[in-house]
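**Student:** After the sequence you'll find the predicted model.
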Amino acid sequence: MDDQHKLTLFMGLSQTLTGFEHLSDGIGRDYLERLLDGFGEQAMAALLTRYDTVIAGDEDITDAVKTAIMEDQEHSPLAKELIMLWYTAQYKDLTGSLQQGTAAHYYNSLIWKAIQAHPPGVSGGIYGYWAEAPEMPQ
Amino acid sequence: MSYDVAIVGAGIAGSLIAYRLASKGLKVILLEAGHTGEERPKMSLRYAEAKYKIPSSPYNDKISYQKAPAPTVINDNYYDQQGPNTFKSTYLRRTGGSTWHWLGNVPRFIPSDFKLKSNYDVGCDWPINYADLEPWYCEAEEEIGVSGNHDEWNGLHGGFRSKPFPMSAIALSYGDGILYDTLNNTNVGGTTITVNSTPQARNSVFYDNRSPCLGSSSCVPICPYSAKYDASVHVRKAVELGAELLEECIVTRVEGNPSKDLAVALHYQTWEGTKGTIEANHYVITAHSIETAKLLLMSDIANSSDQVGRNLMDHLNGAAGAILPDPVYPFRGPPTTSGIDSFRDGDFRQTTAAFRMSMGNNAWGRMESPDATLSNLVRNNGEFGKALRDKLNYRITRMFRISYTTEMLPNPDNRVTLSDKKDATGLPRPQLHMIVDDYNIKAFTRARVVMSDLFDRLGAVEKKFMDDPRAYKGAGHIIGTCKMGDDPTTSVVNRECRSHDMSNLFIVGASVFPTSGTANPTLTVVALALKAAETICKDYA
């Protein structure tokens, strides 16, 4: 599997697992590397290959990913940390220790988007924006 | 004399006094154990990079903790705690002091807080009353820039306001609207409650060359835009007017004359280890309650009353959370914009502590962080994709929290003394003795009942309380240790914050409060500091 294909699969898998369609390629590249660091080449290659198989099949993607990845003993630990990483910019590696990211990772953490807020430390808008109900982001 | 006034501690009290005195042409030196640290954007970056977003995270320059050791929430390497109960509040030792990470809430004390003994036969009375301090509260609000609603607060618990707030109240959060509609003017256990906007040292407009609040929601620990006031504002103003700032400089002794009725010098050691002396006409100690007591005890001065270090108080903090039927959209805007002040006074204070309540805009705080909610959904339940997004959103946008802070009564046995253990600079660590008694425990219980009632009225579908009814956190409000009073045998400073023993020594800060009240102490500190600055100026008239 060449690097570009790896990244493409990683981004596709990330979209499916996070539930967010618009993910940054730059952050994705960083996160792929971080997870390779934390879990190793083999585990990632296996997960991406499994995902590749799932999207080539006929089954509904959500159901297929659920069975083939999230409920699979081999793949689910890494898949779960992938989700945690996109959402919080942090993940737990194989030893269970929490891995911290850069400021850029933090500013892109999806949990805040998911709850229609913003990462604390950057403004969410102009003065008084918090008085109105927020929009639902894409 | 080299200087007219030497001030120990460049926090909010010290920097305001330095500014006021320098503006009158006095020759001022401001000494600070800590340093200025990095530029604000760099500190904001440190916060973004921090693994744990704790109050000290932007300020996590390790050298500071070695050279100017201070307590942290993570370990107890600085305080030497003798118990029986744990003292849980901390402070920063740096230029600008703890205002770097304060939340910025600035309610005033109420009249009863000054007359606890006369009104309720507990604690003691201040030698001054609310009316004496009221003009200074107005000056304080103008000096640091406070936003608030005059009509809501004028007369609340008898606290009249002679002037409007400098800025109108910070925009209430979307969630506040629901609270006002449902809870305002309801009767809870015999008390009619009102929901009030919280007065804040946070700009609602451009003020004093600083941006209005842009809702970064990171007030604790840092405002990236300086919309939240911090004392670096007045350090800068003081220096611009000619005050000298000497940082990285720990004062180790205040030297008195042989009869100990005048202070004659300050002895200090720098981070580099060099030693020096400062001489001045007046000396002002504004090193926050624990360091101030520690310095006076090390110096063996100003303590004929034997009250230095005694009557240490904190505001004890607790919270409860609910899941409401409709979203309140937390994590947008300041962490709290409204509160319930209805339990801050009443006859119950004869037996039970008063408390102030804050309505949180930050979900369940530490009771269940967004990270914890997410981790449960993902790691435990295997949720992913749109279903994960929906469930995460559904829960967290409906999370609402109420926190309360209770007063503590002054107890001479709750105190700071000098430990035999030394800190990294070779100075004695502060030894703390603290007991949390029934006066407080009963308030925790009462607050829990009130919160449960409020949640029910809001239609909560889930409620979460702390497991241990005796549990508490520290609000970061360190009060007492240098009690103010008219009687030199039972107090450390007089009503002007002048030492009873030494006529040229002033002690200013929350250290002089005879009672703790339930308001965040800082505005009262500022009022006392401005008043003390005027007193010192009069000595030169």
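**Tutor:** That came in fine, so what should we check first?
**Student:** Excluding chain neighbours, what is closest to B:R356?
**Tutor:** In space, and not counting its chain neighbours, B:R356 is closest to B:T518: 4.2 Å by Cβ to Cβ, 6 or more residues apart in numbering or on different chains. C-beta coordinates here come from the backbone N, C-alpha and C atoms, glycine included.
**Student:** backbone phi and psi for the one you found, please?
**Tutor:** When read as degrees, to the nearest 10, the backbone of B:T518 gives phi -120, psi 0.
**Student:** thought it was touching B:E407?
**Tutor:** Yes. Using Cβ atoms under 8 Å, B:T518 is in contact with B:E407, at 5.1 Å.
**Student:** Okay, helices next: where are they in chain B?
**Tutor:** Under the criterion DSSP state H, chain B contains helices at B:12-23, B:40-49, B:62-67, B:116-120, B:130-144, B:150-153, B:174-183, B:232-240, B:288-299, B:370-375, B:385-396, B:438-457, B:522-539.
**Student:** What is the burial count for residue 99?
**Tutor:** Just going to use chain A. 17 (other Cβ atoms under 10 Å in any protein chain shown).
**Student:** nope, chain B please
**Tutor:** Using other Cβ under 10 Å, B:T99 has 22 neighbouring residues.
**Student:** quick one on the thing from earlier: contacts only, for the residue nearest to B:R356.
**Tutor:** Contact analysis of B:T518 by Cβ atoms under 8 Å, 6 or more residues apart in numbering or on different chains lists B:113, B:315, B:344, B:354-356, B:405-407.
**Student:** Show me the one in the residues you listed that has more neighbours than the rest.
**Tutor:** That'd be B:T405 among the contacts of B:T518, by other Cβ under 10 Å, with 30 neighbours.
**Student:** what separates the closest residue in space to that residue that isn't next to it in sequence from chain A, distance-wise?
**Tutor:** Closest residue to B:T405 apart from its sequence neighbours, by Cβ to Cβ, 6+ apart: B:H315 at 4.1 Å. According to Cβ to the nearest Cβ, to the nearest Å, B:H315 and chain A sit 24 Å apart.
**Student:** Identify the residues contacting B:H315.
**Tutor:** Applying Cβ under 8 Å, 6+ apart to B:H315 gives the contacts B:89, B:405-408, B:474-475, B:477, B:479, B:516, B:518, B:520.
**Student:** check contacts around the closest residue to chain A within chain B.
**Tutor:** Ranking the residues of chain B by distance to chain A (Cβ to the nearest Cβ) places B:G333 first, at 2.9 Å. Under the criterion of Cβ under 8 Å, 6+ apart, the neighbours of B:G333 are A:124, A:129-131, B:170-171, B:173, B:213, B:215, B:217, B:361.
**Student:** export those to TSV and tack on neighbour count, pLDDT and distance to B:I29?
**Tutor:** Compiled in TSV, those are given as follows (neighbours: other Cβ atoms under 10 Å in any protein chain shown; pLDDT from 0 to 100; distance: Cβ to Cβ, whole Å):
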residue	neighbour count	pLDDT	distance to B:I29
A:G124	20	92	42
A:Y129	17	97	44
A:W130	28	97	42
A:A131	18	97	45
B:I170	30	97	36
B:A171	22	97	41
B:S173	27	97	43
B:C213	28	97	34
B:G215	29	97	39
B:S217	25	96	38
B:N361	27	96	41
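**Student:** Can I get the residues you listed in TSV including distance to B:S15?
**Tutor:** As requested, those are exported to TSV (distance: Cβ to Cβ, whole Å):
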residue	distance to B:S15
A:G124	31
A:Y129	32
A:W130	30
A:A131	33
B:I170	24
B:A171	29
B:S173	31
B:C213	22
B:G215	27
B:S217	26
B:N361	29
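**Student:** Which pLDDT value goes with the residue positioned nearest the centre of chain B?
**Tutor:** Central residue of chain B (Cα atoms, centre = their mean): B:H477, 4.1 Å from the mean position. Looking at B:H477, its pLDDT is 97.
**Student:** I'd guessed it sits against B:M408; true?
**Tutor:** No. B:H477 lies out of contact with B:M408 (Cβ under 8 Å); the separation is 9.6 Å.
**Student:** which residues do these two both contact?
**Tutor:** Residues touching both B:H477 and B:M408 (Cβ under 8 Å, 6+ apart) are B:314-315, B:516.
**Student:** Enumerate every residue touching the nearest residue to B:M298 once chain neighbours are set aside.
**Tutor:** Using Cβ to Cβ, 6+ apart and skipping the chain neighbours, the partner closest in space to B:M298 is B:R253 (6.2 Å). Counting by Cβ under 8 Å, 6+ apart, B:R253 touches B:266-267, B:295, B:298-299.
**Student:** cutoff 7 Å now
**Tutor:** Contact analysis of B:R253 by Cβ atoms under 7 Å, 6 or more residues apart in numbering or on different chains lists B:267, B:298-299.
**Student:** Most neighbours among those, which one?
**Tutor:** B:S299 (21 neighbours).
**Student:** Which residue, other than its chain neighbours, is closest to it?
**Tutor:** B:V254 (4.3 Å).
**Student:** Contact partners for that neighbour?
**Tutor:** By Cβ under 7 Å, 6+ apart, the residues touching B:V254 are B:263, B:266, B:283, B:295, B:299, B:301.
**Student:** partners of it in the sheet?
**Tutor:** Beta-bridge partners recorded for B:V254 (DSSP bridges): B:L266.
**Student:** out of the contacts of B:G333, who's nearest A:D30?
**Tutor:** Using Cβ to Cβ, A:G124 comes nearest to A:D30 of the contacts of B:G333, at 24.0 Å.
**Student:** returning to what we had before: next, show the common contact partners of B:T518 and B:E407.
**Tutor:** With Cβ under 7 Å, 6+ apart as the test, B:T518 and B:E407 both reach B:A354.
**Student:** Restricted to strands, list the contacts of B:H315.
**Tutor:** In this view, the contacts of B:H315 that belong to strands under DSSP state E are B:405-406, B:474.
**Student:** Show the pLDDT at the closest residue to B:T352 other than its chain neighbours.
**Tutor:** Nearest-residue entry for B:T352: B:K442, 4.4 Å, with adjacent residues in sequence omitted and distances by Cβ to Cβ, 6+ apart. Per-residue pLDDT puts B:K442 at 97.
**Student:** Quick check: the residue of chain A nearest chain B.
**Tutor:** Nearest residue of chain A to chain B: A:W130, at 2.9 Å (Cβ to the nearest Cβ).
**Student:** Identify the residue spatially nearest to that residue, adjacent ones excluded.
**Tutor:** Distances taken as Cβ to Cβ, 6+ apart place B:G333 nearest to A:W130, at 2.9 Å, with adjacent residues excluded.
**Student:** and chain A, which of its residues are near chain B?
**Tutor:** By Cβ under 7 Å from any Cβ of the partner chain, the residues of chain A that approach chain B are A:16-17, A:19, A:62, A:70-71, A:76, A:80, A:83-84, A:87-88, A:98, A:100, A:102-103, A:106-107, A:111-112, A:114-117, A:120-134.
**Student:** Take those residues and keep only those in strands.
**Tutor:** Using DSSP E, the members of these that fall in strands are A:L98.
**Student:** Out of the residues of chain A next to chain B, which end up buried?
**Tutor:** Among the residues of chain A next to chain B, those scoring as buried are A:16-17, A:19, A:70, A:76, A:80, A:83-84, A:87-88, A:103, A:106-107, A:111-112, A:114-117, A:120-124, A:127-131, A:134 (criterion: 16 or more other Cβ atoms under 10 Å in any protein chain shown).
**Student:** of the helices of chain B, which approaches B:S499 most closely?
**Tutor:** It is, among the helices of chain B and with distance given as Cβ to Cβ, helix B:288-299, at 9.0 Å.
**Student:** Show the contacting residues for B:F109.
**Tutor:** Contacts of B:F109 (Cβ under 7 Å, 6+ apart): B:130, B:517, B:519, B:524.
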